[in-house]
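Participant: whatever this is, show me its structure:
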Amino acid sequence: MQSNRYKFDMNTGIELHSQAIKRVQKAIALGELSAACLRMLPAETAHDLALHALKKGWHRVLPRPEVLHLTHMMKSHVRTIGPILHPIGLAAGFDKNAHCIDALADLNFSSLEVGTITPIGQIGNKKPRLFRLPAQRSLINRMGFNNIGAQAVSQNWKNNPPQTKVPIGINIGKNKVTANEAAVDDYMKSLDLLAGLAQYFVVNISSPNTPGLRELAEPGFIKSLGHMIGPTRLENVWLKLDPDMTKPQLQKLTQTAAEVGFAGLILANTHAVTWPETGGFSGAPLATRACQLLEWCHEVHNGQLPMISVGGVFSGSDVYERLIRGASMVQIYTAFVYRGPWVVTGMLLELRHELQLRGFRTVEEAIGSHYE
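Facilitator: Take a look at the predicted model:
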């Protein structure tokens, strides 16, 4: 199939043109430059400015890459979330108060997860609480679930509902002042206040920045919470676990989550560190551990429990490695900070190369192929 402007690639269903590709690459490079400029500011200041810019629509000033005409090659279906255009979504933590959903969808993410949101708003930990480690392409945060609270998020959402069609998830946590014995009540309050707003919910029992939160990651709590949520609602509720558990701990929780009926697992939250700052470590060095977690969990459920991979996803190659280990999709955050607003487009170009190199015609063909 030929035209004066495009050459159609029958293997990928993607229209290619040398000038179009050059424009895509130029737009991605300009996006990376804008991210580099933001990184000249203190980390949390840059984050707040980025959110403000998105709310005001300033991202539309940047040249937008003419996204590859994604067809069957990148599309897949995540159980309980639904169809997605490609396997790269945004992780929780960037848009904590769900202020920028439509703007973030403009940046080509296939799904968006907002939060973490607690029942009552809280200011989080004392600043400074967000740090960059550029040499490692990493971040350390100890934000502490700073957010406006579930009631305010719900009201804002209803007053100005998102227009995007991409699936949206809401990540929920317990308030810092809530004792672990009452944690189930906190999660239920948030689920009730935010009910009906998003396609799925994520129970965060894995942040290292709320004292005692990770102690909830045990079978008894998961069973109690699952019982309170009920089997019908559980079909849309995921668990987000931490990367610091031993293999037996993680596999026991995986088995429990499957038995109770949770929708799936998000693997994983940040790695707890005390140096050079105390907090949660994210970024490129977590890639190996993230792959290991997928393999450990797959040993238990053999592909029957959906998994979303988070941590150290910086390139299309990283996406590919998670897909073949059974992840239905990936989520990114730190790569967004370092690679800029058009990171998704760049990673999709790289992922297309990885799939073609190994003879896969679609993303869905690649999922779980490591175990075949």
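Participant: so Asn171 bridges to which residues?
Facilitator: Beta-bridge partners of Asn171, counted by DSSP bridges, are Val202.
Participant: residue contacts, it?
Facilitator: 92-93, 113-117, 201-202, 204, 240 (C-beta atoms under 8 Å, 6 or more residues apart in numbering). C-beta here means a position set from N, CA and C on the backbone, and glycine is covered the same way.
Participant: among those residues, which ones are in strands?
Facilitator: Among these, DSSP state E puts 113-117, 201-202, 204, 240 in strands.
Participant: quick one: low-confidence residue ranges for the stretch 1-150 of the chain.
Facilitator: 1-20, 66-71 (pLDDT under 70).
Participant: doesn't Met73 make contact with Ile361?
Facilitator: Actually, residue 361 is Arg. It isn't Ile. Yes: if you go by C-beta atoms under 8 Å, Arg361 and Met73 touch, sitting 6.7 Å apart.
Participant: common neighbours of those two, please.
Facilitator: With C-beta under 8 Å, 6+ apart, Arg361 and Met73 have common neighbours Leu355.
Participant: the two - which one has more neighbours?
Facilitator: With neighbours defined as other C-beta atoms under 10 Å, Arg361 and Met73 compare such that Met73 has more, 24 against 14.
Participant: just to check, the more buried one is in contact with Leu351?
Facilitator: No: using C-beta under 8 Å, Met73 is not in contact with Leu351, being 9.3 Å away.
Participant: list the buried residues in stretch 159-168.
Facilitator: Neighbour-count burial for stretch 159-168 flags 162, 166-168 (criterion: 16 or more other C-beta atoms under 10 Å).
Participant: meant to ask about stretch 148-156
Facilitator: 148-154.
Participant: please name the nearest non-neighbouring residue to Ala263.
Facilitator: Thr80 (4.2 Å; C-beta to C-beta, 6 or more residues apart in numbering).
Participant: can you get me a residue count around that neighbour?
Facilitator: 17.
Participant: what about it, distance to Ser315?
Facilitator: Remark: distance between Thr80 and Ser315 (C-beta to C-beta, to the nearest Å) = 28 Å.
Participant: ditto for Gly261
Facilitator: Separation of Gly261 from Ser315 (C-beta to C-beta) stands at 35 Å.
Participant: same question, Lys158
Facilitator: In terms of C-beta to C-beta, Lys158 sits 38 Å off from Ser315.
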